[in-house]
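>>> Could you work out the structure for the sequence below:
(2 chains)
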Amino acid sequence: MTSERYNARDAEPRWQREWDEKAIFSARNDDPRPKYYVLEMFPYPSGRIHIGHVRNYTLGDVLARYMRAKGFNVLHPMGWDAFGLPAENAAIERKVAPKAWTYDNIAAMKKQLRSIGLSLDWSREFATCDPSYYRHQQKLFLDFLRAGLVERESRKVNWDPVDMTVLANEQVIDGRGWRSGAVVEQREMNQWVFKITKYSQELLDALDTLDRWPDKVRLMQRNWIGRSEGLLVRFALDPATAPAGETELKIFTTRHDTLFGAKFMAIAADHPLALAAAAKNPDLAAFITEIKRIGTAQEAIDTAEKQGFDTGIRAIHPFDPSWRLPVYVANFVLMEYGTGAIFGCPAHDQRDLDFVNKYGLGNTPVVCPEGQDPKTFVITDVAYDGDGRMINSRFLDGMTIEQAKEEVAKRLETEVRGNAPVAQRQVNFRLRDWGISRQRYWGCPIPVIHCEKCGVVPAPDTQLPVTLPEDATFDRPGNALDHHPTWKHVACPKCAGKAQRETDTMDTFVDSSWYFARFTDPWNAQAPTTRPVVDRMMPVDQYIGGVEHAILHLLYSRFFVRAMKATGHIAMEEPFAGMFTQGMVVHETYQKADGSYVTPAEVTVETGSNGRRAVLTATGEEVTIGSIEKMSKSKKNTVDPDDIIATYGADVARWFMLSDSPPDRDVIWSDERVQGASRFVQRLWRVVNEAADIAKAAPATRPADFGPEATALRKAAHSALDKVSGGIERLHFNVCLAHIREFTNALADTLAKGGRPAADLAPNLVPDLVWAVREAALILVQLIAPMMPHLAEECWQVLGQSGLVSEADWPQIERDLLVEDSVTLVVQVNGKKRGDVTVPRAAENPEIETAVLALDAVKQALGGKAVRKVIVVPMRIVNVVG
RNA sequence: GCUCCAAUAGUCCAAUUGGUAGAGACGGCACGCUUAGAACGUGCGCGAUCCAGGUUCGAAUCCUGGUUGGAGCACCA
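From the prediction side, this is the model:
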């Protein structure tokens, strides 16, 4: 018997070396077994891993190790999402080259990742900033360009005039650049865009096939794509009021049923008609300038009041030539959606109602809710957007909304004005094409050349990769690529004349939109993918990451794979067959009396009879325990994975991450519970060592019969095996851990009942029980192996097993042990529990009924009333209805 | 504002998807052990499953309405 504590600091590096030397986690592309691809979202090399990474990668590792034991050829790779702004900021602030900074960080983080004991295939590692990766991305870009999936477009962008760069919407805070603080301008710029909207409908429809994705994520994508069916209507303009001879105004609506409730038309500030009118009206021009200025600040948009300006233009109602509607320029109409123009029906749209109430245009209800009297139904401050019957709508009166929509569409699409129908049915999407141009150095260069004579010329394949210059300087704002003295000057591949390289680089979301495919064959120097390999190893069977990527990253990847299919790089459409969004790691916050935050490492929490209090460990000063929040540097409520692993070991960190909270929910980091995990590690170590001492006496062959004690232990073992297997497959790791602890308790009980010390006892034990103890201990170790692989290896060795538990096959379940000979059914009378009855497993309903009705408790509860019905739920319950 | 999700013991969470509310842990209390020791072992679980209705033989689970908390989108016509 070993009385030594389990020493994680000694064991963990030892087993990590062992796995490494034997390269047991390398997947082979020619392995004939069925494949299983587990992938966690790859990290940005910020410098240190975060506790959230530990959770993310532990979740994936449990699955990878389990599937490996189940006999799959598991692909579980890791890499680095290595392009991006922080490297350039480091270059500016610390005078270190982005490349050096990035690769140093990768080296540091890789060391940290290794200390977690993840079963990763490091032979496939790459960083997206490796030219050997991005050269293929450039190739994909050029293939997409040829296929019409990339275009150059003039687009409105957020421009930071100080940093001289385009900002993403998230980088604009209160209308100012997040770094420079300069007021952000809206500029029209030429941008490269991926034509993701060509796949709007497909990306939407295919969501229904992704049955192993969270509903939440699918819903978010559905809303993001934002399909709406409506009608495109051409309103004629009163020629006397048109500023420059315009004849019509096109609008898009989904509520054409409410056309008779129209009170006004509204157009966006940058609508051509608005610009034409502004040219003749200085007041209108001033108004447009004003609302465009507000338009840049995201905050202002949220709270801005509805504002409009009457252009003087009058539109003619499509069903009544004598009905004129005023055309306003309004700040709530977006040029980017639909046609940039609407008709306003205030009674049934809140925005329109706010607008008319401000400008005194009135409203007419045209949909009356069921049960309301149309004569008294009025709208004042709240628009009605529910169901009902049409009123005040001439030929539509009495129809449902759907009938009215159909009638309006039918009439207007058959009416012709100037060789075209007045209206046509149209489907609109909220989804926009994906602008990928970034005025940044540290990104994948866009492989095109601008020639004064030939225009945009793709870089020839032979010139790939177009690499970043390593001697760029960061001493002034703007794009370092553009500033570089020589890099952009090249000869035109077509005419050999003077030309310039594109100095924009790609959005880093491009890098992460296909890395999962590259992992299948990162060694291919000739092409992005190797067809037979990528077609066999993809899709990713289980992808795991944070919900913050639920929309953009996942949608872009889904688009990218479709584009890769269209250009012959892959056979499938959907990259991720299974998707899982894990919760965050959160922690309570601690504040000193002066309001400043202190880290958990500086604090000692004491639990007394009147609750918990926290003091500074160094000084004893009392600190306030604050709310539980996402770990952040500003709140200082972070824990460092290195500290945890140094103190408790990786297995404890892993076990803690998996316990209690379901993986898709936030987990509260709690020192008490981490210590609980640590105590379990020691307890398991003791139990296994004790079992190992007994197991030495186990007979070599399986006994023919097992006594009751042995059978009970075997049932506990195989039941745990069954539940844990199922739990892992459904990613219910917290429940798996509960079953493992339950089984550990059962094994410990059996050992304790035999008496102590165990060594004296072994010879007295009957062989069947000794054999069962050995079996139980082995199963237990295999069950914990996916979660605590180092401890499992150590235990495996103690149990005298040769080889590695990481390479062992998952134990076979003996299903016979899971079925009981007799079952105990709960007996209810009128839904209330009155007792129970134990019957043979095979008992038929009539015998069960007889047995139940014979119970005294049942007779008493019935109180002489006749039995009306007896409901027998097999294996569970009997309900007597009296 | 719109859409969606959640709510079970002091705390974190289970409940085979409509069948006995309790698996596991944290904390607490009691007892034991007296050295595996900032441990270890044993024991202790009445909470109208957030509230009000409804469906059902039977509801934590399904339906309706609310309360509280969270998430996403945000003038999308």
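>>> Next to RNA strand B, which bits of the stretch 651-800 of chain A? Give me the list.
Neighbours of RNA strand B within the stretch 651-800 of chain A, by C-beta under 7 Å from any atom of the strand: A:659-662, A:665-668, A:670, A:672-673, A:675-676, A:679-680, A:682-683, A:686, A:732, A:734-735, A:737-739, A:741-742, A:745, A:748-749, A:752. (Each C-beta comes from the backbone N, C-alpha and C, glycine too.)
>>> try 6 Å
Within reach of RNA strand B by C-beta under 6 Å from any atom of the strand, the stretch 651-800 of chain A has these residues: A:659-662, A:665, A:668, A:672-673, A:676, A:679, A:682-683, A:686, A:734-735, A:738, A:741-742, A:745.
>>> The stretch 401-550 of chain A too?
Within reach of RNA strand B by C-beta under 6 Å from any atom of the strand, the stretch 401-550 of chain A has these residues: A:R430.
>>> Tell me where the stretch 401-550 of chain A is predicted with low confidence.
Along the stretch 401-550 of chain A, the model assigns pLDDT under 70 to no residue.
>>> for A:P43, what are its contacts?
A:49, A:53, A:80-81, A:109 (C-beta atoms under 8 Å, 6 or more residues apart in numbering).
>>> Now do the same contact list for A:R146.
Neighbour list for A:R146: A:458, A:567 [criterion: C-beta under 8 Å, 6+ apart].
>>> pLDDT on stretch A:341-359, on average?
Per-residue pLDDT values across stretch A:341-359 average out to 90.
>>> Buried residues, that stretch. List them.
Under the neighbour-count criterion of 16 or more other C-beta atoms under 10 Å, stretch A:341-359 has A:341-349, A:352-356, A:359 buried.
>>> which helix in chain A runs the most residues?
Identified as the longest helix of chain A according to DSSP state H is helix A:671-695.
>>> Could you find the closest non-adjacent residue to A:P539?
With C-beta to C-beta, 6 or more residues apart in numbering as the measure, A:A577 is the residue that lies nearest to A:P539, at 4.7 Å, once sequence neighbours are left out.
>>> so how far is RNA strand B from that neighbour?
A:A577 is 20 Å from RNA strand B, where distance means C-beta to the nearest atom of the strand, to the nearest Å.
>>> what's near enough to touch that residue?
Neighbour list for A:A577: A:210, A:212, A:539-542 [criterion: C-beta under 8 Å, 6+ apart].
>>> Which ones among the residues you listed map onto strands?
Secondary structure of the contacts of A:A577 is defined by DSSP state E; positions in strands are A:Q542.
>>> Take the contacts of A:A577 and lay them out in a markdown table including neighbour count.
Putting the contacts of A:A577 into a markdown table (neighbours: other C-beta atoms under 10 Å) gives the following:
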| residue | neighbour count |
| --- | --- |
| A:L210 | 18 |
| A:R212 | 13 |
| A:P539 | 19 |
| A:V540 | 23 |
| A:D541 | 20 |
| A:Q542 | 22 |
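>>> Of the contacts of A:A577, just say which sits nearest to RNA strand B.
Closest to RNA strand B out of the contacts of A:A577 is A:R212 (13.9 Å), distances taken as C-beta to the nearest atom of the strand.
>>> Just grab the bridge partners of the closest one for me.
Beta-bridge pairing for A:R212 (DSSP bridges): A:G578.
>>> Confirm for me that it is in contact with A:M579.
Yes - the criterion here is C-beta atoms under 8 Å, and A:R212 meets it with A:M579 at 6.8 Å.
>>> Quick check: closest non-adjacent residue to A:V54.
Of all residues not flanking A:V54 in the chain, A:P641 sits nearest, at 5.1 Å (C-beta to C-beta, 6+ apart).
>>> OK, contacts around that neighbour?
A:49-51, A:53-54, A:112, A:116, A:653.
>>> just A:I401 next, same as before
Residues near A:I401 by C-beta under 8 Å, 6+ apart: A:257, A:367, A:387-388, A:390.
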